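# task: produce atomic coordinates for the following.
(one chain, ligands or ions: 1)
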Amino acid sequence: MGQVMSLPTEISSKTLNSSKKRSVLLVGGVFAVYLIKQYVEQERKKQVSHAANAQETKNRRQKRIGVDSRFLTQIKKLLPICIPGIASKEATLLVTLAMVLIARTWLDIWFSGFNGHVVKAIVSRDRKTFIARAVVEFGFMMWPMSVINNSLKLTISALALAFRTRLTRYANEQYLKDITFYKISNIDNRIQNADQLLTQDIDKFAENLSHLYSDIAKPIVDMVLFAYKLGEAIGREAPIFMIAYFMVSGALLRAISPPFGKFTAIEQKLEGDFRFTHSRIITHSEEIAFYGGGEREKTVVNGSFDKIVRHVKKIYRLRFANGIFDSVLVKYCATMTAYYLLARPVFDPKYATEFMGKLDADPTKIMEDYSRNSGYLVNLSQAVGRLILAGRDLTRFAGYTSRVAELFDVLEDVNKGRYERTMISKDSNEANISQSVTPNDLKGKIITEDGVIIFDKVPIVTPNKDVLVKELSFKVEKGMNCLISGPNGCGKSSLFRILGDLWPLFDGTVTKPPASALFYVPQKPYLALGTFRDQIIYPDTKNQARSKGFNDDKLLELLKVVHLEYLIVRDGGWDAVQDWADVLSGGEKQRVAMARLFYHRPQFAILDECTSAVSVDVEGIMYTHAQTLGITLFTVSHRHSLCKYEQSFLKYHEWLLRFDGEGHYEFRKLEEGDLATPFAFSHGKSSKKKFEIGQGDEGDDDEGEEADNEKNSSSSSNNSD
Ligand SMILES: Nc1ncnc2c1ncn2[C@@H]1O[C@H](COP(=O)(O)OP(=O)(O)OP(=O)(O)O)[C@@H](O)[C@H]1O
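Alright, predicted model coming up:
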């Protein structure tokens, strides 16, 4: 087969009576030694690259990953996703792979015998037999060999791709269901790098799974068959001895080898850091250029690179020392053992068999037997080597399995409303507290009703369970444009995260229109991949826009309102595809977001500092147009000195919802001078305390009044201290 396998030939001169024969054998021997070295070297390289990959699987949460019952449970869960049924494409591919593997083993056996015949023909100068074997028979057999070898690669690759497709589709389905992608990175914090899990780790898992089948099944079949054939030829104990030698030397090497896997993990981390220093320069090139920070950045980049060089030099030194032991133990001692076992029946008639070392056998027969038997021995050694590697692969595979299974578990949990979060405790001395939220903990109620937003005793609680406001109550009807203000971190945006179902509702009742009637316009608008039209109608498609009556002319009217019609000419028209986040300026992005708001025309719009980069006149036009379209505004202001903007806010808002950052809030009509005056309630100590599940409705708010929605004016204090 692919490798011409023959062990080094160094047989006593008693058995060879011609110097030419000796030189033929010597060349063959040297060539064979070279091939064995190549093979062992290849395997070693594979081990190194396996170690490199293994670090990627390292679970950040320091869980011990191994082939244990947890691994079996996880694989039991993942396999039905990869192979959904016996009639599936994946099952057919597995059967095909099994057949190809059997054919490949049969060809290996055939080749060992064939090689013996060819060597015999050469040694006995039998030209006719040589041509019949080496030209005719080999010329015929090379086709099936070639087809089988490539079918093996094709089937394994096809299987890996099929597994990856199943897993990726499943994961994408779960991840992009509702707003799971938000919750998984903002509310639940079990998974740190969902992007890597969804792309790289699923791919690695699929690839490993497809290889594992062939990497375990084939060596086992090979070991049994070649050990049998070899036992027949050079004695039953010979293959057992050879297998035991590999096992013991492998274990010994493992015990004395430095932790190269760990070193590779560190190297990859250092490479990542180095790449990051460069990507930061690209991302912040403008700021760095303005500051003239080139020299400073050079120090950082060179410092990061020097760390890699120091680390890699250390690895090279250790690898050199380890390589010497490795070569002696695995290559050279194994070759000596093989010499001894193969030649023993020739030198010691006690061990002679029908297939090696018979006393009446002529040198050409001995040569043929030696060549065939060494073929068997090489195949056996390779099978053992592959099995040892497969054992190591299994640990690596357990790593990928754990990561993919954990991703799927968390996706499933989050989709069912179960969250887990490890966080730093502020109230106790414990460093990290792991808390989980189950659907039973979410006692809040959501009522869907058009034209109104009511918060009734709703606690504003962060995912870390810090209580920002203990019970928030207010009512905003259509047309009641409302300004939301308060210091940084008081919970202005959090209020809308609860309104938008991004954060869990622990208690109280929220009455609101359906999701499609609420629209959020952030300070830094999201610009999608796609055409310029896509930016205005996001997340609708062109066809959905058409069905809503928005052709390009109608969309142009929206652009005119926000003074952006020039972009159509400047940036290549509606169908131009560009990296819009780079092409548009900050103010243009905000105006695109406003055009998007006018396109969707919701009942309520949450404007989260979305006009900070827009000139005052255009800002005014945008507010007025929103009101003309009947959109009720919730404007969040993060600006520190609100009084500076009072006139502009007063013009477009009639109501004020103000937080003091200590757990108090007030909701009332906005009046002139309001924004310059301090908050209506005296500040107590911070009321930010941990929310304990089930305590949401235990009222201990003693200072303020309850929100009074009837009078459309309310204020409240929730100072629970
Ligand atoms: N995903 C999150 N997980 C945990 N805590 C969060 C999360 N997002 C926000 N917080 C915390 O919730 C608090 C309120 O945040 P929020 O974004 O509502 O503030 P804000 O009032 O909008 O402030 P600013 O004016 O600075 O934007 C902050 O202390 C913040 O650190």
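
# CA only for contacts and neighbour counts going forward, please
Fine.

# any idea how far residue 242 is from residue 385?
11 Å (C-alpha to C-alpha, to the nearest Å).

# cool, residue 594 as well?
Going from residue 594 to residue 242 by C-alpha to C-alpha gives 76 Å.

# compare the two (neighbour count), which wins?
Neighbour comparison, residue 594 and residue 242: the larger count goes to residue 594, with 28 against 19 (by other C-alpha atoms under 10 Å).

# where does the more buried one fall, secondary structure wise?
helix 586-600 (DSSP states H and E).

# pLDDT averaged over that helix, what's the number?
For helix 586-600, the mean per-residue pLDDT is 91.

# which strands and helices sit next to the next helix or strand after that helix?
Following helix 586-600 in sequence order, the next helix or strand is strand 604-608 (DSSP H and E). Here strand 604-608 is seen to pack against strand 518-521, strand 632-636 when contacts are counted using 3 or more C-alpha pairs under 8 Å, 6 or more residues apart in numbering; DSSP states H and E.

# deepest-packed of these, please.
strand 632-636 (a mean of 24; mean count of other C-alpha atoms under 10 Å).

# and the ligand, is it touching that?
No: figure legend: strand 632-636 not in contact with the ligand (C-alpha under 6 Å from any ligand atom); closest approach 7.9 Å.

# got a list of contacts for that strand?
Outside strand 632-636, the residues within contact range by C-alpha atoms under 8 Å, 6 or more residues apart in numbering are 478-485, 492-493, 603-609, 626-627, 653.

# mean confidence score for that strand?
Strand 632-636 shows a mean pLDDT of 90.

# next, the angle strand 604-608 makes with that strand.
With axes from the mean of the first three to the mean of the last three C-alpha atoms, to 10 degrees as the basis, strand 632-636 and strand 604-608 are set at 20 degrees to each other.

# using the three-state scheme, assign residue 661.
Put simply, residue 661 is coil when judged by DSSP: H, G, I helix; E, B strand; the rest coil.

# that one reaches residue 490, doesn't it?
Yes: with contacts counted by C-alpha atoms under 8 Å, residue 661 reaches residue 490, the gap being 4.2 Å.

# overlap in contacts of the two?
Here residue 661 and residue 490 have residue 468 as joint contacts, going by C-alpha under 8 Å, 6+ apart.

# from the ligand, how far out is residue 241?
Distance of residue 241 to the ligand, given as C-alpha to the nearest ligand atom, to the nearest Å: 61 Å.

# same question for residue 527.
Taken as C-alpha to the nearest ligand atom, the span from residue 527 to the ligand is 21 Å.

# so what does that residue have for phi and psi?
With angles defined as degrees, to the nearest 10, residue 527 sits at phi -110, psi 120.

# quick one, what contacts it?
With C-alpha under 8 Å, 6+ apart, residue 527 has these contacts: 535, 580, 581, 589.

# filter those down to the buried ones, PyMOL style.
Applying 16 or more other C-alpha atoms under 10 Å to the contacts of residue 527, the buried members can be selected in PyMOL as follows:
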select buried, resi 535+580+589
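
# narrow the contacts of residue 527 to those in helices?
For the contacts of residue 527, the ones inside helices are 535, 580, 581, 589, with DSSP state H as the criterion.

# residues near whatever residue of the stretch 151-300 of the chain ends up closest to the ligand, how many?
Going by C-alpha to the nearest ligand atom, the ligand is nearest to residue 186 of the stretch 151-300 of the chain, at 4.4 Å. Neighbourhood size, residue 186 [other C-alpha under 10 Å]: 13.

# so which residues on the stretch 51-200 of the chain come close to the ligand?
So far as C-alpha under 6 Å from any ligand atom goes, the stretch 51-200 of the chain lies against the ligand at 186, 187.

# residue 480 belongs to a helix?
No: using three-state DSSP, the assignment for residue 480 is coil, not a helix.

# am I right that it is in contact with residue 657?
No: counting by C-alpha under 8 Å, residue 480 does not reach residue 657; the two are 11.6 Å apart.

# those two: which is more packed in?
Higher neighbour count among residue 480 and residue 657: residue 657, with 23 against 20, using other C-alpha under 10 Å.

# helix, strand or coil: sort out that one for me.
On the three-state scheme (three-state DSSP), residue 657 is labelled strand.

# what sits against residue 587?
Going by C-alpha under 8 Å, 6+ apart, residue 587 touches 611, 612, 613, 614.

# from these, pick the one nearest the ligand.
residue 612 (12.8 Å).

# quick one: contacts for the closest one?
523, 587.

# and it, backbone torsions?
Here is the backbone geometry of residue 612 (degrees, to the nearest 10): phi -60, psi -30.

# do you know how far it is from residue 523?
Using C-alpha to C-alpha, residue 612 is found at 7 Å from residue 523.

# longest helix in the chain, by residue count?
Longest helix in the chain, counting by DSSP H: helix 363-415.

# which secondary structure elements does that helix contact?
For helix 363-415, the packing partners by 3+ C-alpha pairs under 8 Å, 6+ apart come out as helix 19-56, helix 69-82, helix 89-123, helix 138-175, helix 180-186, helix 202-234, helix 237-256, helix 333-347.

# of those, which shows the lowest average pLDDT?
helix 19-56 (a mean of 44).

# neighbouring contacts of stretch 307-325?
With contacts defined as C-alpha under 8 Å, 6+ apart, stretch 307-325 is touched by 253, 257, 258, 260, 263, 267, 270, 271.
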